[in-house]
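Chemist: got a sequence here, can you build the structure:
(3 chains)
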Amino acid sequence: MSKLHIETTINGEPAEFLCDPHETLLSALRNGLGLTGTKEGCSTGDCGACSVIVDGRLVPACLVLAPEAEGRTITTIEGLSSGDALHPLQRKFLEHAALQCGVCTPGFIVAAAALLDAKPNPTEEETRFWLAGNLCRCTGYDKIIRAVLDTAAHIRESAV
Amino acid sequence: MATVHLPSGLTAFTGGVDSIDIDAARVPELIAELRHRFPQLSDHLDGMAVAIDGEIYQDPGYQPLRADSDVHLVPRIAGG
Amino acid sequence: MSTPREFKYVGTRPIRHDGVDKVTGRASYGADVAWPGMLHGAVLRSPHAHARIVSIDTSAAQATPGVKAVVTGSDFPETTAALALGEAAIDLRDISESMIARTKVLYHGHAVAAVAATTFDIAKEAAEKIKVVYEPLEPVTDIDRAIATDAPILHPTLKTKGAPAGAAGPTNVASRLELKRGDVDAGFAEADVIVEREFRTVMVHQGYIEPHACIARCGEDGRAVVWCTTQGPFVVRDASAAIVGLDPAHVKVIPSEIGGGFGGKIVVYLEPLAIVLSRKAQRPVKMVMSRDEVFRATGPTSGSKIRVKLGATRDGTLVAARAALWYEAGAYRGSPVGAGAMCALAAYKIPNFFIEAYDVVVNKPKVAAYRAPGSPMAAFAVESAVDEIARELNIDPIDLRLKNANREGDQAPYGPKYGPIGLEQLLETARRHPHWSAPLGANQGRGFAVGFWFNAGMNSSATVTLNADGSAAVVTGNPDIGGTRVAQALMVAEELAIPVERVRPGVGDTDGSGFTDVTGGSRVCYATGMAVIRAAEDARDQLAARAAKMWNVAPDAVTWQDGRAIPPPGTEKAEPLTVAEIAAKMTHTGGPIVGRASLYAPMAGPAFGVHICDLEVDSETGQSKVVRYTAFQDVGKAVHPSFVEGQMQGGAAQGIGWALNEEYIYNGDGVMENAGFLDYRMPVASDLPMIETVIVEVANPLHPYGVRGVGEVPIVPPLAAVANAMRDATGIRFTELPLSPPRVLAAIESATRVPVGA
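Modeler: Modelled structure (predicted):
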């Protein structure tokens, strides 16, 4: 079976790639497009390391078929900073030392960005449950949650 | 005179002796004397770390000993 | 190192130098790189937990279009060389055979062949065409079966090392260790209270989020380059060279960023396979494990059976202890049972004890190190028993431990005397902490436990290079798992008195860095840190000599103050010079300035931690939740406190998962049934509260700043802290982990409750 040609929008830019019909979006991003910021931890949708946003919805890229990207809008970790300015979440993760090995960090930041879009003022409990789909083995989550809550406060204050 | 202490599992090869005084300036000479006095112990000394006055060396190399050093043979362990 | 030192940079919390790359996804982990012309490797793994290999026919795979190389165990030379791997000499033959089977498969998932092809899908499909004929054998999947007199034998030539002379084979017990003090029977005769229990834990995995991954290329000249995720590039180099039959001088290993290790990435699983495939195909070969493969075919840690008998007099003095430990080694010998035996009683001054420890092979993957290997299980058993003693005697759990705690000058159970240690201080600090006296809510219980680990030393090298603008680069060979790069930059900044942003910390490959032992064993800030400090001092000495040259004075007449070289009094035309001013003239004064140091450090010295855990238990579902957790630890000196806190929190979370939910579930055929993150249930953010950390600093005299190491101790107390909290909440003493909801519910429904107030 020949490869499919897919046209999509990634991080605000038109993008295209060839893929096998059964290939995942995760594989297309990492192998076809060189967007290796999205990580592979399990390929069964259980760890969140491959979190991306497709048409405004937070999804694990390993559970999306690459052909499903056709005509859709995708945001990956690479799309969160603008120019040479980090996203507030990225800055806060650094300030709070909310990463150790860092491999889960892109997934967390994408997921947290989706949280703050949906709920600008989440409680600690809401934050923990929203991020329950992202596994971290290094931090015990403490500093990650602090970074996200601090970012939410910071964004709210900046908007005032 | 350094004093060498053996873990109880090794005393089967020393006729029950678990503490031996040996005059040696460095670890290799100490171990050689230990092997000389207790030939049956020889095969069981590989894989042991050496503690000298409280500091544990996984590989004791040529560490010097003081005149009254307290030496313990300790199983080697691995970290993760 | 008794004079407290005032630090300018050490102890601060700068942003880590590699941080932006990590939060943007730009950092390159093992699977993030592609080399031109590369092939993809796939592994064929055994469907049997125990079987003889009768024949392997790879012809169908080799004939598949797109397949460029196929290897089996016969492509690897026999080797019996031992290699100092981390702190223990491990028989390389075991590692090689565990990586790819020779005549027997000894665990479900044991590799039997590997294929390199132009795409991963082709490699995988071709691998499945390889015809392997097995003669299945009865698998042994638990300790009791393995030590039974009629047990199937994994290794016919295995003899029990350390057994009394003349012990009859064949056996699945690879070694026996004994530690003894005083007269245990006389000790128990004096005891007013005796607690005797048998505890069990099961196999668990380190759970690093990044699977093993590597790319290797091997040329016609037998020279290989390997890119891989590892805790030890030099281990990969030396082990791969020995396993494949290459000269290590012809192998270069480049460590990628590492997505978690915890001891599980100290061994090689893929790299030798990739090298041999590449040598056959004459193209680079990339291999990435699936999560399923990570669970089945890497190195989890041992399940255990531990019998503990503890005796105390009425006033709470521990007078006797007996312990027997059996740990699963997996398919090849080498569980951490020896360390478990040495750690079990490390906290307490007990005049009479007898400990025996057995290393038992079973048809499961060969275990690898997991954060303080061997200690968490032993602490689960002993700290649970200590908790029982406290309850029987109606003595506060912390008071009981204070009464028996080892202090400086006391003898460790494994022989030597303790130097300065922080156990007493930790216990006092915990007792005064608000958590210990906070009221508990309904269905909540509180548990306390102590943990101990040795913290390693070993080989480390470092170079500190000055740039003409006065900035510096520090390079070591230790991959950065959790902030060691920025800690090393802080040390250089401190020694050279230059801002930490002007220090560039790097992780070298095996060509660019002096030999170093692994990142692990809680050793990087201690031993590699020592090398970094000495290298910076060496650089500073060279800077002083250059200043002396410029002033025309003797080098030893130059002093340093506040980051500047000071000329001896009375020197003409001489003003103090900064590092930048001296470095700017390097070329004129003798050439580049490169400070270097390499050392072999003794073990850092004993390290203790104590944890308080509050658990809330739902008696209708058996589910429990940690509602408050405080970790106290003596780290000697916290170089970058945020990352020290991070180690304490991360280790605590792993221990909580080990206590509450994590387990390898095996069926009767020795096949793991939950080899994925859905059913191998690690803690998620909604399972945990904030984890408070209290850092205690009892300086380690062996290190210039007092660093003791931090990484491993935090996983040791949680198993017992959680189990003791469960006892407090439910009245039931659980002696088997994990405390998963079905198990807790069954016990609640059938147990006779201990009357309230007992």
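Chemist: how about the helices of chain B, start to end?
Modeler: Assigned by DSSP state H, chain B shows helices spanning B:27-37.
Chemist: tell me which parts of it are close to chain C?
Modeler: Neighbours of chain C within chain B, by C-beta under 8 Å from any C-beta of the partner chain: B:5, B:7-9, B:12, B:44, B:46-47, B:49, B:51, B:53-59, B:61, B:70, B:72-80. C-beta: built from backbone N, CA, C; applies to glycine.
Chemist: got a quick ChimeraX command for the buried subset of those residues?
Modeler: Typed into ChimeraX, the line below selects the buried ones among those, using 16 or more other C-beta atoms under 10 Å in any protein chain shown:
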select /B:5,7,8,9,12,44,49,51,54,55,56,57,58,59,70,72,73,74,75,76,77,78,79,80
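Chemist: looking at chain C, which strand is longest?
Modeler: strand C:318-330 (DSSP state E).
Chemist: partners of that one, with directions?
Modeler: strand C:304-312 (antiparallel), strand C:353-361 (parallel) (DSSP bridges).
Chemist: let's have those in a markdown table, adding mean pLDDT and mean neighbour count.
Modeler: Shown next, in a markdown table, are the strands paired with strand C:318-330 (pLDDT from 0 to 100; neighbours: other C-beta atoms under 10 Å in any protein chain shown):
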| stretch | mean pLDDT | mean neighbour count |
| --- | --- | --- |
| strand C:304-312 | 98 | 24 |
| strand C:353-361 | 97 | 25 |
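Chemist: C-alpha coordinates for stretch C:698-712, PDB please?
Modeler: C-alpha atoms of stretch C:698-712 as PDB (Å, rounded to 0.1, in the frame of the first residue of the first chain):
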ATOM      1  CA  VAL C 698      25.400  17.000  59.000                       C
ATOM      2  CA  ALA C 699      28.600  17.700  57.100                       C
ATOM      3  CA  ASN C 700      30.300  14.700  55.500                       C
ATOM      4  CA  PRO C 701      34.000  15.000  56.500                       C
ATOM      5  CA  LEU C 702      35.100  13.400  53.300                       C
ATOM      6  CA  HIS C 703      33.800  16.200  51.000                       C
ATOM      7  CA  PRO C 704      35.100  19.800  50.900                       C
ATOM      8  CA  TYR C 705      31.500  21.100  51.200                       C
ATOM      9  CA  GLY C 706      30.200  18.300  53.400                       C
ATOM     10  CA  VAL C 707      28.100  16.700  50.600                       C
ATOM     11  CA  ARG C 708      26.800  13.300  51.500                       C
ATOM     12  CA  GLY C 709      24.700  12.500  48.400                       C
ATOM     13  CA  VAL C 710      20.900  12.500  48.300                       C
ATOM     14  CA  GLY C 711      19.400  10.500  45.400                       C
ATOM     15  CA  GLU C 712      18.700   7.100  46.800                       C
END
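Chemist: buried residues in it?
Modeler: Neighbour counts over stretch C:698-712 (16+ other C-beta under 10 Å) mark C:698-700, C:702-712 as buried.
Chemist: average pLDDT across it?
Modeler: What stretch C:698-712 shows for mean pLDDT is 94.
Chemist: quick check, it touching chain A?
Modeler: No - using C-beta under 8 Å from any C-beta, stretch C:698-712 never reaches chain A; the gap is at least 10.1 Å.
Chemist: alpha carbons only: can I get the strand or helix carrying residue A:153 in CSV?
Modeler: Secondary structure assignment for residue A:153, by DSSP states H and E: helix A:142-159. Extracted C-alpha coordinates of helix A:142-159, given in CSV (Å, rounded to 0.1, in the frame of the first residue of the first chain):
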residue,chain,number,x,y,z
ASP,A,142,5.0,18.7,43.8
LYS,A,143,7.0,21.3,41.9
ILE,A,144,5.1,20.7,38.7
ILE,A,145,1.8,21.6,40.4
ARG,A,146,3.3,24.6,42.1
ALA,A,147,4.7,25.8,38.7
VAL,A,148,1.3,25.5,37.0
LEU,A,149,-0.6,27.2,39.8
ASP,A,150,2.0,30.0,39.9
THR,A,151,1.6,30.4,36.1
ALA,A,152,-2.1,30.6,36.4
ALA,A,153,-1.8,33.4,39.0
HIS,A,154,0.8,35.2,37.0
ILE,A,155,-1.3,35.1,33.8
ARG,A,156,-4.3,36.4,35.7
GLU,A,157,-2.3,39.2,37.3
SER,A,158,-0.8,40.2,33.9
ALA,A,159,-4.2,40.4,32.4
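Chemist: that helix and chain C, are they touching?
Modeler: Yes - for helix A:142-159 and chain C, the contact criterion (C-beta under 8 Å from any C-beta) is met by A:142-146.
Chemist: list the contacts of that helix.
Modeler: Outside helix A:142-159, the residues that touch it by C-beta atoms under 8 Å, 6 or more residues apart in numbering or on different chains are A:88-89, A:92-93, A:95-99, A:108, A:112, A:115-116, A:120-122, A:124, A:127-128, A:131, A:136, C:642, C:645-646, C:649, C:685, C:688, C:690-691.
Chemist: just how off-centre is that helix within its chain?
Modeler: 17 Å (C-alpha atoms, centre = their mean, to the nearest Å).
Chemist: over to stretch C:278-298?
Modeler: 23 Å.
Chemist: buried ones in it?
Modeler: C:278-281, C:283-298.
Chemist: of those, which belong to helices?
Modeler: Counting by DSSP H, those contribute C:278-281, C:291-297 to helices.
Chemist: of the residues you listed, closest to chain A?
Modeler: Distance to chain A across those (C-beta to the nearest C-beta) is lowest for residue C:291, with 4.1 Å.
Chemist: how about the nearest residue to residue C:145 once chain neighbours are set aside, secondary structure?
Modeler: Take residue C:145 and drop its neighbours on the chain: the residue closest to it by C-beta to C-beta, 6 or more residues apart in numbering or on different chains is residue C:151, 5.8 Å away. The local conformation at residue C:151, judged by DSSP: H, G, I helix; E, B strand; the rest coil, is coil.
Chemist: burial measure for residue C:151, as a count.
Modeler: 18 (other C-beta atoms under 10 Å in any protein chain shown).
Chemist: show the pLDDT at it.
Modeler: The model reports residue C:151 with a pLDDT of 96.
Chemist: just checking, it touches residue C:172?
Modeler: Yes - counting by C-beta atoms under 8 Å, residue C:172 is a contact partner of residue C:151 at 5.8 Å.
Chemist: now do the shared contacts for these two.
Modeler: residue C:140.
Chemist: now residue 68: phi and psi?
Modeler: Using chain A here. phi -70, psi -10 (degrees, to the nearest 10).
Chemist: was after chain C, sorry
Modeler: Dihedral angles of residue C:68 (phi, psi; degrees, to the nearest 10) stand at phi -110, psi -20.
Chemist: what do you get for residue C:48?
Modeler: phi -110, psi 150.
Chemist: which of the three states applies to the closest residue to residue A:134 other than its chain neighbours?
Modeler: Of all residues not flanking residue A:134 in the chain, residue A:48 sits nearest, at 3.4 Å (C-beta to C-beta, 6+ apart). Judged by three-state DSSP, the three-state class of residue A:48 is coil.
Chemist: what of residue C:609?
Modeler: strand.
Chemist: surely it and residue C:714 touch.
Modeler: Yes - counting by C-beta under 8 Å, residue C:714 is a contact partner of residue C:609 at 5.9 Å.
Chemist: and for the two, which residues touch both?
Modeler: Common neighbours of residue C:609 and residue C:714 (C-beta under 8 Å, 6+ apart) are C:451, C:631, C:633, C:648.
Chemist: now, these that are in strands?
Modeler: Per DSSP E, the subset of the shared contacts of residue C:609 and residue C:714 in strands is C:451, C:631, C:633.
Chemist: most neighbours out of the residues you listed, which is it?
Modeler: Neighbour counts for those (other C-beta under 10 Å) peak at residue C:451, which has 33 neighbours.
Chemist: got the contact list for that one?
Modeler: Contacts of residue C:451 by C-beta under 8 Å, 6+ apart are C:372, C:375-376, C:379, C:608-611, C:713-717.
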